[in-house]
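> 3D, please:
(2 chains)
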Amino acid sequence: MSFTSLISNFAELEVGQHLYWQIGNIRVHGQVFLTSWILLGALLVFISLGTKKMENDPKGLQNLLEFLWDYIRDLSRTQIGEKVYRDWMPFIGTLFLFVFVSNWGGALIPWRIIKLPSGELGAPTADINTTIALALLVSLSYFYAGLSNKGWRYFEYYVHPTPIMLPFKILEDFTKPLSLSFRLFGNILADELVVSVLVFLVPLVLPIPVMFLGLFTSAIQALIFATLAAYYIGEAVEEHH
Amino acid sequence: MLTFPIFATEGGLFDINATLPLMAIQIVALTYLLNSLFFKPVGNIVENREKYVSKNFQEAKNKLAEVESLESDLLSQLQKARSEASKIVQEAEKDSDKLYQEALELANSEANASKENARIEIEKQTSNARKQLSEQAEELSQLIVNRLIQSK
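Numbers count the residues shown, from 1 in each chain, chains lettered A, B, ... in the order given. Down below sits the predicted model:
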């Protein structure tokens, strides 16, 4: 197989093609919303099934949901701290669940079966819009957390050990959402690309370990995103003495 | 042939459009939805259970402490009773010893007195007998002397 034919095969993978929906005079990526609605619908059905009949003596799905709840509580409590973690737990938990469900849904469900007029269905987190939306929400959250907890004293954080830190801390406000969004986007997109390229080149056996690796990466990315979001909020509400 | 549109004018990997704010709104809505469907109800039930468990645990701990203090109370009472009992036994032993000693002394002194009496009686009788004997001997010797004088 020559290099040019390899390139043309890549082209068939339809990277960066989107299913455009025109709403008024704005355009959105329809495939992202389609997959996210399917996955979030499944998540909500799962959760409402598990919380439908809750007992003090948990059984079945309720057990799993309680484990999940406890996991998210531990995560936010260790990062944000005992004082305000309750206010932010739903947000951190939603981030974790959304990223996790999107990543795993993108990796586990054979979306390729469904043919779209343009682009293809996949993990919603493999679209830069989704990850930037998530990252900007995290930025807004930590600003809001800092300002609502400490008022204007929040800005002491920028000159915290010494005023020399000021430019770096301001820079951090830009690098935080940038790194959050690009880390998630890059990991999930790269995983999807590697799997589809391998499936295309060697359709048997070889892609399977890579798919497992992808599942592992997906779960880790969800954990990293939620942990970092919680850490940023915790950093903003932390009291310096 | 080479259609790998990363920075294409239409589409591409970094095509940022209205998907971003709409997705953000969707995630905020999801946060509220999950809060009322998942985090609140599950949190309530888990935290109520944790409270219930810790309350019962505390109660059990208090009860255990009570039992332990009662047990030590009982043990000290038992010890006191034992030492009192042993004191009483010792006193009784001392008393009985004293009584025995007294009785022994009384008996000894009585025995000594009667022995003395007997000895005095014996001496008296011995001396009486001796006196009688010497009187009789004197009489007898007088008789002998008289007889000798008569026969002459």
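> check contacts around the residue of chain B most remote from its centre.
Relative to the centre of chain B, and counting by CA atoms, centre = their mean, the farthest-placed residue is residue B:152 at 109.5 Å. Applying CB atoms under 8 Å, 6 or more residues apart in numbering or on different chains to residue B:152 gives no contacts. Quick note: C-beta positions are derived from backbone N, CA and C, even for glycine.
> State the pLDDT value of it.
As predicted, residue B:152 sits at a pLDDT of 74.
> now it: how far from residue B:138?
Residue B:152 is 22 Å from residue B:138, where distance means CB to CB, to the nearest Å.
> how much distance is there from the longest helix seen in chain A to the middle of the chain?
Secondary structure assigned by DSSP state H gives helix A:166-201 as the longest helix of chain A. Centroid displacement of helix A:166-201 relative to its chain, using CA atoms, centre = their mean, to the nearest Å, is 10 Å.
> buried ones in it?
Across helix A:166-201, burial judged by 16 or more other CB atoms under 10 Å in any protein chain shown covers A:176-177, A:180-181, A:183-185, A:187-189, A:191-192, A:194-199.
> ok, and which of these reach chain B?
Residues of those in contact with chain B (CB under 8 Å from any CB of the partner chain): residue A:189.
> low pLDDT regions in chain A?
A:1-14, A:241 (pLDDT under 70).
> hmm, I was thinking of chain B
Those would be B:1-11, if you go by pLDDT under 70 across chain B.
> Work out which residue lies at the spatial centre of it.
Most central in chain B (CA atoms, centre = their mean) works out to residue B:79, at 3.4 Å.
> Just the element for that residue, please.
Per DSSP states H and E: residue B:79 is located in helix B:40-151.
> cool, residue A:28 as well?
With DSSP H and E as the test, residue A:28 turns up in strand A:26-29.
> quick one on the thing from earlier: can you list the helices and strands that the longest helix of chain A packs against?
helix A:3-12, helix A:85-108, helix A:128-150, helix A:207-237 (3 or more CB pairs under 8 Å, 6 or more residues apart in numbering or on different chains; DSSP states H and E).
> Quick check: the spatially most central residue of chain A vs chain B, distance?
Geometric centre of chain A, nearest residue: residue A:99, 3.2 Å, by CA atoms, centre = their mean. Residue A:99 is 10 Å from chain B, where distance means CB to the nearest CB, to the nearest Å.
> does that residue really touch residue A:183, like I thought?
No. With contact defined as CB atoms under 8 Å, residue A:99 does not reach residue A:183; the gap is 11.0 Å.
> that older thread, tilt between the longest helix of chain A and helix A:85-108?
If you take axes from the mean of the first three to the mean of the last three CA atoms, to 10 degrees, helix A:166-201 sits at 30 degrees to helix A:85-108.
> Could you check the angle helix A:166-201 makes with helix A:128-150?
Using the same axes, to 10 degrees: helix A:166-201 against helix A:128-150 is 150 degrees.
> ok, the residue nearest to residue A:213 when sequence neighbours are not counted - contacts?
With sequence-adjacent residues excluded and distances taken as CB to CB, 6 or more residues apart in numbering or on different chains, residue A:213 is closest to residue A:191, at 7.8 Å. By CB under 8 Å, 6+ apart, the residues touching residue A:191 are A:107, A:213-214, A:217-218.
> make it 10 Å
A:103, A:106-107, A:123, A:126, A:210-211, A:213-218, A:221 (CB atoms under 10 Å, 6 or more residues apart in numbering or on different chains).
> and stretch A:44-57, does that touch chain B?
Yes. Using CB under 10 Å from any CB of the partner chain, stretch A:44-57 comes into contact with chain B via A:44, A:46-48, A:50-52, A:54-57.
> got the contact list for that stretch?
By CB under 10 Å, 6+ apart, stretch A:44-57 touches A:58-66, A:68, A:97, A:101, B:30, B:33-34, B:37-42, B:44-46, B:48-49, B:52.
> Could you do stretch A:165-177 as well?
A:131-132, A:134-140, A:142-143, A:155, A:157-160, A:179, A:228-229, A:231-232, A:235.
> Now for residue A:94, how many residues are close by?
Using other CB atoms under 10 Å in any protein chain shown, residue A:94 has 25 other residues around it.
> right, and it touches residue A:226 too?
Yes. With contact defined as CB atoms under 10 Å, residue A:94 reaches residue A:226; the gap is 9.1 Å.
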